[in-house]
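A.B. asks: Kindly generate the corresponding structure for this input.
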Amino acid sequence: MIFDTEENITIITQEKASTIELVKKLNVLYERFKNDNIIVNLTSLKPITLENIVEFLQISNTHRKAKKSFVIVSDKINLNETPDEIIVVPTLQEAHDVIEMEEIERDLGI
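C.D. replies: Numbering: from 1, shown residues only. The predicted structure is shown next:
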């Protein structure tokens, strides 16, 4: 697991372990990045299933309730099948765009 912080965004890249292991580690290390927007980069994992994405639902909901963005990046999942409660995009650039839009919405009180 690789952590990379840029301004108020922490990018977590998972290269080898399973998503279940990653979610467990994120829960343990949550205090470390709870004040940042989070991008979870799963582009190097193959294959990714809907069940893998759903593993992140609890931590995503917790983070979003704290008025922070939580975005998963994967180009190996059908985005139409993902639950509305979790944001999944195919590229890192789109993840940054989502965070920027959500920041603007929060600033405007939307």
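A.B. asks: For this structure, just list every one of the helices.
C.D. replies: 19-33, 50-54, 57-65, 92-108 (DSSP state H).
A.B. asks: can you put those helices in a markdown table and add mean pLDDT?
C.D. replies: Formatted as a markdown table, the helices of the chain follow (pLDDT from 0 to 100):
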| stretch | mean pLDDT |
| --- | --- |
| helix 19-33 | 91 |
| helix 50-54 | 91 |
| helix 57-65 | 94 |
| helix 92-108 | 95 |
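A.B. asks: so which of the ones you listed gets nearest Asn80?
C.D. replies: Comparing the helices of the chain against Asn80 with CB to CB, the closest turns out to be helix 50-54 (10.6 Å). Just so you know, the C-beta spots here come from the backbone N, C-alpha and C atoms, and that holds for glycine as well.
A.B. asks: So which bits of the closest one are buried?
C.D. replies: By 16 or more other CB atoms under 10 Å, the buried positions in helix 50-54 come out as Asn52, Ile53.
A.B. asks: Same question for stretch 66-80.
C.D. replies: Buried residues in stretch 66-80, counted by 16+ other CB under 10 Å: Lys68, Ser69, Phe70, Val71, Ile72, Val73, Ser74, Ile77.
A.B. asks: cool, and stretch 34-49?
C.D. replies: For stretch 34-49, a neighbour-count test (16+ other CB under 10 Å) marks Asp36, Asn37, Ile38, Ile39, Val40, Asn41, Leu42, Thr43, Leu45, Ile48 as buried.
A.B. asks: just stretch 98-105 next, same as before
C.D. replies: Buried positions in stretch 98-105, judged by neighbour count with 16+ other CB under 10 Å: Val98, Ile99, Glu102, Glu103.
A.B. asks: quick one: contacts for the second one?
C.D. replies: Applying CB atoms under 8 Å, 6 or more residues apart in numbering, one finds that Ile99 lies in contact with Ile9, Asn37, Ile39, Ser69, Val71.
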